[in-house]
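# Just to be clear, the model below is a prediction. Sequence and coordinates:
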Amino acid sequence: MATTTNKQKLVSQLFSALGKGARAQDPEARPVLEQFLYALLREDATRASADEAFRALQEHFYDWNEVLVSSAEEVAEVLDGVVPGPDGRARRIIDFLQEVFETEYSFDLESLQKKGMKLAAKALARYQAANDYAVSWVVQQSLGGHAIPLDARGTRVLKRLGLLDEHATDVEAMRASLEHQVPKTKGLLFVDLVSDLAESCCWEDVPACAECPLQHGCATGATAQAVPVASKKPR
């Protein structure tokens, strides 16, 4: 496990090697409910894929009520080929909209903005479709908090790099550790860079370490230097 100093160096290397002068983006201006829905699409997917999926939902359905009254199969069909696991995402989207409507009698969660970050996060976490990633995403994007949404792909990349303990399983504890290493102003950029790395070469089964710009600073990449690696993403 890397020391705190080494972790800070790894974070700097990540921004230097992958950022290429990229500047941290401002959070996307969306209502809280839409930010949560977007998080359901963004988890274990790239920003480009999530953007396309969210846009497809808005273009295919008249409003969120139409999504709610549609079948999971219809929603999944819109997401198919855009984001992984469209069936599960469609079910979570409908379940979330149903629960919000049953509790709020509308599709509006802006009242959470007045509760303060911690109370708002707790309220979001009560929804059955919620998980640590979705709540953290909304905290980062809409509630002004410092949160690093951590999904399975990001966890894989960060464990290989040594920024997370390879044996760690507590998502909340792992996220808290990262939030001490990554400045709040760069949180969104950090998430995007890690997500893109997972998509481009740090694949689950046979990572293309030779193509990774962080190979020499990565324990997994250093081990893989003497081993033939895939040159194309597995399908």
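Okay, I see it.
# Relative to Glu102, how far out is Leu41?
22 Å (C-beta to C-beta, to the nearest Å). For the C-beta atoms, the positions are set from N, CA and C on the backbone; glycine is no exception.
# if you count what's nearby, which of these two comes out ahead?
Neighbours were tallied for Leu41 and for Glu102 using other C-beta atoms under 10 Å; the higher tally belongs to Leu41 (23 against 8).
# For the more buried one, list the residues it contacts.
Ser49, Ala50, Ala53, Phe54, Leu79, Val83, Arg89 (C-beta atoms under 8 Å, 6 or more residues apart in numbering).
# Now neighbour count and pLDDT too, for those, in CSV please.
Shown next, in CSV, are the contacts of Leu41 (neighbours: other C-beta atoms under 10 Å; pLDDT from 0 to 100):
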residue, neighbour count, pLDDT
Ser49, 19, 95
Ala50, 20, 96
Ala53, 24, 98
Phe54, 21, 97
Leu79, 25, 98
Val83, 21, 97
Arg89, 24, 98
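# what distance separates the helix or strand where Gly221 lies from the centre of its chain?
Following DSSP states H and E, one finds Gly221 within helix 219-224. Here helix 219-224 is found 25 Å from its chain centre; the criterion is C-alpha atoms, centre = their mean, to the nearest Å.
# helices or strands next to it in the packing?
On a contact count with 3 or more C-beta pairs under 8 Å, 6 or more residues apart in numbering; DSSP states H and E, helix 219-224 meets helix 152-161.
# helices or strands up against the helix it packs on?
Against helix 152-161 (3+ C-beta pairs under 8 Å, 6+ apart) you get helix 171-181, helix 187-200, helix 219-224.
# As CSV, those helices with distance to Ser12 and mean pLDDT would be great.
What follows is the helices and strands packed on helix 152-161, written out as CSV (distance: least, C-beta to C-beta, whole Å; pLDDT from 0 to 100):
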stretch, distance to Ser12, mean pLDDT
helix 171-181, 10, 93
helix 187-200, 11, 93
helix 219-224, 17, 74
